[in-house]
Every structure is written in C-alpha cells, then in structure tokens.
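> Give the three-dimensional model of this entry:
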Amino acid sequence: MGGVGLMAANSIVRPPSPGRGSEVFVAAVPLTAAKGPPQLVMSAAYSLSLSWDLQHFMVLSTLPTLPSQVLVFDFQPQDPENVYAALAALSGRKIPGVLLTRKMKKLPNMRCWKVGSCNVDVEDVIHGFNSSWDTDLIVGQHDCRHYTNGLVECLTGEKDVLDRLRRSRTSTFPMV
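Numbering: from 1, shown residues only. Alright, predicted model coming up:
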C-alpha cells in the first residue's frame, strides 16, 4: 500500500538539474500526543533526541520564483490528538489520515535537511502524487515516513531518504 502513488507520479519525473529548480527538504517535528502526561512524555523524548521514530516527517520545498516562501506537504491522522485514534494506530489498525499542504515564511532552524532539488513543477507533482495516495493511515506500514520517502523520490529521484538521514544524523550531515 505504501507505494500506491509512486507509479503514476514517477512517470512525470525527469532527472533533477543541479543548481536549478526547487529546493527539496525533509523536516521533523515531535509527534502530537493527547494533552497531559502523554504529551509531556513525547516532548521530553523529542527534546532529548531519544528516538528517531518519535518524530513526524514532512517534505518542504522552496520555489525559485518565491524563495522566501516554503511549501509544506505531509500526511498525518485526521485527529492526531484523539486518544482513541492513537490507540487504534498503535495497535496497527487503519485510521483516517489527511494530506496537508500549507505555507511557511521560512525554513525551520532545527531538524530540517536539504535532500535535493528538482526541475519539475513541484505543485503538479504533489497534486499527482497526492491524488493517488491512499489516506488510510497505518503506523509503520503507511504513514508519514512512507509519504515522505515516496514524495522525495518523485521530486528528486532519491529512494529511502529517511534511511539515509537516519544513518547520517550523528555525522556531519548538514541541517538547514
């Protein structure tokens, strides 16, 4: 199920041209948890960098025509703070997911990595990828990690970008 959008979206991708086009980034933020103790535990684990797996990943892009604007694309539960949805997700059951697109004024200062560039129309590729993406979220099988890996592959041609970032996170891999 994780590769649902790859075939249709990959057919429109051309190899990236160095130095031209949109810049592509991956960013990580803490997983959202229900208010109270669960939220405190998640925040502490994230702050202490205890686990790569306790992060929500998303794809960011800057456009050459509007370098001061950052587009953000991600896949998450429809109601990430709902404790029942969290329990269902942790038990491996499908929960409703949602694809989000939003804008930011600048790139995050932390946990944001440049992963490449592309010479295709980012918004067209995203639209094609998202239109074929199954929005049933299954943690560990079809979640933000699979979305991020698939979308980065469509935009830059790099497969399994999160594996590379995970291996490199203790080395000198540049953050933005």
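> Can you report how many residues lie near Pro96?
A count of nearby residues for Pro96, using other Cβ atoms under 10 Å, gives 12. For every residue, glycine as well, the C-beta is placed using N, CA and C.
> Tell me the pLDDT of Val59.
pLDDT recorded at Val59 is 98.
> Val70 and Gly21, how far apart?
Counting by Cβ to Cβ, to the nearest Å, the separation of Val70 from Gly21 is 15 Å.
> Who are the packing partners of the longest helix seen in the chain?
Using DSSP state H, we find that the single longest helix of the chain is helix 144-156. Helix 144-156 sits against helix 6-10, strand 22-30, strand 55-63, strand 66-77, strand 112-118, helix 122-131, helix 161-168, with contacts defined as 3 or more Cβ pairs under 8 Å, 6 or more residues apart in numbering; DSSP states H and E.
> got these as JSON lines, with distance to Lys94 and mean neighbour count columns?
Shown next, in JSON lines, are those (distance: least, Cβ to Cβ, whole Å; neighbours: other Cβ atoms under 10 Å):
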{"stretch": "helix 6-10", "distance to Lys94": "20", "mean neighbour count": "17"}
{"stretch": "strand 22-30", "distance to Lys94": "23", "mean neighbour count": "21"}
{"stretch": "strand 55-63", "distance to Lys94": "18", "mean neighbour count": "22"}
{"stretch": "strand 66-77", "distance to Lys94": "11", "mean neighbour count": "17"}
{"stretch": "strand 112-118", "distance to Lys94": "29", "mean neighbour count": "19"}
{"stretch": "helix 122-131", "distance to Lys94": "18", "mean neighbour count": "17"}
{"stretch": "helix 161-168", "distance to Lys94": "22", "mean neighbour count": "16"}
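> Tabulate the ones you listed (CSV), appending distance to Cys144.
Below are the helices and strands packed on helix 144-156 laid out as CSV (distance: least, Cβ to Cβ, whole Å):
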stretch, distance to Cys144
helix 6-10, 16
strand 22-30, 9
strand 55-63, 5
strand 66-77, 5
strand 112-118, 15
helix 122-131, 14
helix 161-168, 10
